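Q: Below: sequence and its predicted model.
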Amino acid sequence: MYDFTLNIPTRIVFSSGNREELYRNVLSYGEKILLVYGGKSIKSMGLYDEIIRELSGTGAELFELGGVAANPRHTKVDEGAELCRKHGIDVILAIGGGSVIDCAKAVSVTVGSGAGCWDIITKKTVPSSAVPVITVLTIAGTGTEMNNSCVITNEALKIKRGYSNNLMYPKISFLDPTLTFSVPAFQTACGCADMLSHILDTAYFMPGDRMELLRSVMEAMSRTIIKYAPIAVADPSNYEARANLMWASSLALNGILKNGIRQPAVCHIIEHELSAYYDITHGLGMAVILPRWMRYVLDSDTAGIFAGFGRSVFGICDSDDITCAEKTVDALGRFLYTDLALPSKLSVLGISDSDFGQMGENVCWGGKVGGLKPLVPEDIVNILRLCY
């Protein structure tokens, strides 16, 4: 009933500053370093210049893979892998949020595979080695800094797919809440929606028995996110809020909550279709989908799970499960769309409903997808229409 194996080899250094330990650990893997980052943020905060100066001053050689976009592309991964092969990279230093770290992790297993990234993501090739990855998290949300997974997009095929391999666990992840002070309100809100969705969609809203300990942990983490997310949005430099959210992000998807669960995270699969087609921010897509999926699958079989969450997290007191579950969906919507001011509809994001039919087929692979309630393509289309 409760069988599972848990091994999280990533070492976490949670502190403000402490760059000396970062540089020391990076150099312990070698002197040829690939720096992976996104856009202008690490440069505007001065982190880029500092890292280049400090590591170059030791005699280390730095090579760069910059410009990693949200929903990282397999072509960018292949570019990074080629840099590693060409220069004999010893260690990859990823500085950024989920997209940057996912890209770096995918690069790490592509280097020695003799294949392209997409062959690995689609499991045509199984990697047997990986370049060590060290991360510096600058945006909290995805939890990739402490797990063995990545999500990569094939833009040409309009496919976004997750991939897991124990070789991809970062060796060390540095979590400094002060590095998230400059994250804009919208991105902060999207990250908070993402981390909450990891708790609910991958662990809490699942059928079957669950350890009461883990259920309570998930509820406490959810209350923490709901408490501190609006504070971080309104007061970006609030250290307590940023620290709580950063650690919640890591714990939400590092495997500790799963308790042996093997069911698919349905809302994530649906959102991957949206961002593969329209390149939207993942956390935003999850914020739109999750309450609508809850509304769609709410019935006498699922009401008890939703109601339990509402009673513990939102303090809803109705004794009737159906009524309590309906109020829970409303409360979650208010948190996402009022407290965090995230858009509530796909129609305002420039998304067309013309692709919903194909998305439904893709989600279900022509059959059905499991989860709290099994769904067929028509169900996926109906949920997307509720989101529209």
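A: Nice, I can see it. All values reported here derive from a predicted model rather than from experimental measurement. Numbering: from 1, shown residues only.
Q: Just list what whichever helix in the chain runs longest packs against, helices and strands only.
A: In the chain, taking DSSP state H as the definition, the longest helix is helix 212-234. Helices and strands touching helix 212-234, by 3 or more CB pairs under 8 Å, 6 or more residues apart in numbering; DSSP states H and E, are helix 185-199, helix 239-252, helix 303-309. In short, each C-beta sits where N, CA and C put it, glycine included.
Q: Could you dump those into JSON lines and include distance to Ile95 and mean pLDDT?
A: JSON lines is the format used below for the helices and strands packed on helix 212-234 (distance: least, CB to CB, whole Å; pLDDT from 0 to 100):
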{"stretch": "helix 185-199", "distance to Ile95": "16", "mean pLDDT": "98"}
{"stretch": "helix 239-252", "distance to Ile95": "15", "mean pLDDT": "98"}
{"stretch": "helix 303-309", "distance to Ile95": "35", "mean pLDDT": "97"}
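Q: okay, the most centrally placed residue in the chain: pLDDT?
A: The centroid of the chain falls nearest to Thr142 when counting by CA atoms, centre = their mean (2.3 Å). Per-residue confidence (pLDDT) for Thr142: 96.
Q: re the thing from before, export the helices and strands packed on helix 212-234 as TSV, with columns for distance to Ile172.
A: Formatted as TSV, the helices and strands packed on helix 212-234 follow (distance: least, CB to CB, whole Å):
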stretch	distance to Ile172
helix 185-199	21
helix 239-252	13
helix 303-309	34
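Q: Point out the most buried one among the ones you listed.
A: Neighbour counts (mean count of other CB atoms under 10 Å) averaged over each of those peak at helix 185-199, with a mean of 25.
Q: and that one, how far out from the chain's middle?
A: Here the centre of helix 185-199 is set off from its chain's centre by 9 Å, with CA atoms, centre = their mean, to the nearest Å.
Q: okay, the angle between that helix and helix 212-234?
A: Taking axes from the mean of the first three to the mean of the last three CA atoms, to 10 degrees, one finds that helix 185-199 is oriented at 170 degrees with respect to helix 212-234.
Q: Taking helix 239-252 as reference, get the angle to helix 185-199.
A: Using the same axes, to 10 degrees, helix 185-199 lies at 40 degrees relative to helix 239-252.
Q: for helix 185-199, packing partners?
A: By 3+ CB pairs under 8 Å, 6+ apart, helix 185-199 packs against helix 212-234, helix 239-252, helix 282-297.
Q: would you turn those into a markdown table with distance to Val100?
A: Shown next, in a markdown table, are the helices and strands packed on helix 185-199 (distance: least, CB to CB, whole Å):
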| stretch | distance to Val100 |
| --- | --- |
| helix 212-234 | 20 |
| helix 239-252 | 14 |
| helix 282-297 | 13 |
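Q: ranges for the helices of the stretch 51-200 of the chain?
A: 74-87, 98-110, 117-121, 185-199 (DSSP state H, counting those that start in this stretch).
Q: ok so, going back, give me the contact list for the longest helix of the chain.
A: Here helix 212-234 makes contact (CB atoms under 8 Å, 6 or more residues apart in numbering) with 180, 185, 188-189, 192, 195-196, 199-200, 203-204, 238, 240-242, 244-245, 248, 251-252, 256-257, 259, 308-309, 312-314, 335, 339-341.
Q: If we use 6 Å, what do you get?
A: Helix 212-234 is contacted by residues 185, 188-189, 192, 195-196, 199, 204, 238, 241-242, 244-245, 248, 257, 259, 312-313, 335, 339 when judged by CB atoms under 6 Å, 6 or more residues apart in numbering.
Q: go on, stretch 379-386?
A: With CB under 6 Å, 6+ apart as the test, stretch 379-386 has contacts from Arg292, Trp293, Tyr296, Phe356, Gly360, Val363.
Q: Swap in 10 Å and give it another go.
A: The contact list for stretch 379-386 (CB atoms under 10 Å, 6 or more residues apart in numbering) reads 266-267, 269-270, 273-274, 288-289, 291-297, 345-346, 351, 353, 355-364, 368-369, 373, 375-376.
Q: Please tell me how far Ile204 sits from Leu375.
A: That one is not Ile; residue 204 is Tyr. Per CB to CB, to the nearest Å, Tyr204 is found 18 Å from Leu375.
Q: that older thread, winner for burial among the helices and strands packed on helix 185-199?
A: For the helices and strands packed on helix 185-199, the highest mean count by mean count of other CB under 10 Å goes to helix 282-297, at a mean of 24.
Q: Only C-alpha atoms, please: export that one in CSV.
A: Only the C-alpha atoms of helix 282-297 are listed here, as CSV (Å, rounded to 0.1, in the frame of the first residue of the first chain):
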residue,chain,number,x,y,z
HIS,A,282,3.7,26.8,-17.9
GLY,A,283,2.5,28.1,-14.5
LEU,A,284,0.0,30.3,-16.1
GLY,A,285,-1.4,27.4,-18.1
MET,A,286,-1.7,25.4,-15.0
ALA,A,287,-3.5,28.2,-13.2
VAL,A,288,-6.1,28.3,-16.0
ILE,A,289,-6.5,24.5,-16.3
LEU,A,290,-6.5,23.2,-12.7
PRO,A,291,-9.7,24.7,-11.3
ARG,A,292,-11.6,23.9,-14.6
TRP,A,293,-10.4,20.3,-14.5
MET,A,294,-11.6,20.1,-10.9
ARG,A,295,-15.0,21.4,-11.8
TYR,A,296,-15.3,19.0,-14.7
VAL,A,297,-14.4,15.8,-12.7
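Q: packing partners for that helix?
A: Under the contact definition 3 or more CB pairs under 10 Å, 6 or more residues apart in numbering; DSSP states H and E, helix 282-297 sits against helix 98-110, helix 185-199, helix 266-278, helix 303-309, helix 321-334, helix 377-387.
Q: Tell me which of the helices of the stretch 51-200 of the chain sits nearest to Val133.
A: Nearest to Val133, of all the helices of the stretch 51-200 of the chain, is helix 98-110, at 5.0 Å by CB to CB.
Q: Sort out which residues of the closest one are buried, please.
A: 98-110 (16 or more other CB atoms under 10 Å).
Q: swap in stretch 19-30?
A: Here stretch 19-30 shows Leu22, Tyr23, Asn25, Val26, Leu27, Tyr29 as buried, counting by 16+ other CB under 10 Å.
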